[in-house]
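Enquirer: Sequence plus the predicted model coming up.
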Amino acid sequence: MFICHKCWQTYTNNPIERPIVQVLTKRKYVYTYNKRHGKFRPDFSFPLLKLRIDVDGLKWHRDKPAGVDTPGSREYTLSRNGWRLVHIQNGPRLVRRFLKAIYAHERYLLSA
């Protein structure tokens, strides 16, 4: 799914994720935003890379860490289907860390 750069502002209600949506759209990545995958709804999905990225804010992840790989968890379910799920903590240089995660996964796929 491609999001027009003129309408990206109305696409997300989360102010933390708006800059990421803007950068991904300008760089013409093929991705989906907040689309349901089974019973889970990852923040960003890159179907060509089989990569899902969740931005973990302090509101939801202050007391409970994300990324626990137990049966029934989304990490376990996605990894069994060949997807990789990456969690990125909200904070300084969020967009840069987000893009680094994509580049690292692309390099991993090219080396395999």
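Expert: On my side now, so go ahead. Numbering: from 1, shown residues only.
Enquirer: quick one: contacts of the top helix by length along the chain?
Expert: Taking residue count as the measure and DSSP state H as the definition, the longest helix of the chain comes out as helix 94-111. Contact with helix 94-111 is made by 16, 19-20, 23, 29, 46, 49, 51, 53, 55, 84, 86, 88, as judged by Cβ atoms under 8 Å, 6 or more residues apart in numbering. Quick note: C-beta positions are derived from backbone N, CA and C, even for glycine.
Enquirer: same thing but at 7 Å, please
Expert: Contacting residues not belonging to helix 94-111 are listed as 19-20, 23, 49, 51, 53, 84, 86, 88 [Cβ atoms under 7 Å, 6 or more residues apart in numbering].
Enquirer: Asn14: helix or strand, and which one exactly?
Expert: When secondary structure is defined using DSSP states H and E, no element contains Asn14, which sits outside every helix and strand.
Enquirer: so where do the helices sit in this protein?
Expert: Under the criterion DSSP H, the chain contains helices at 8-11, 18-26, 58-61, 74-80, 94-111.
Enquirer: Show me the one of these that comes nearest Arg36.
Expert: helix 74-80 (11.5 Å; Cβ to Cβ).
Enquirer: Roughly how far does the residue nearest to the spatial centre of the chain sit from Ile102?
Expert: When the chain is reduced to its mean C-alpha position, the closest residue under Cα atoms, centre = their mean turns out to be Ile53, at 2.1 Å. According to Cβ to Cβ, to the nearest Å, Ile53 stands 8 Å off from Ile102.
Enquirer: Thank you kindly, that will do.
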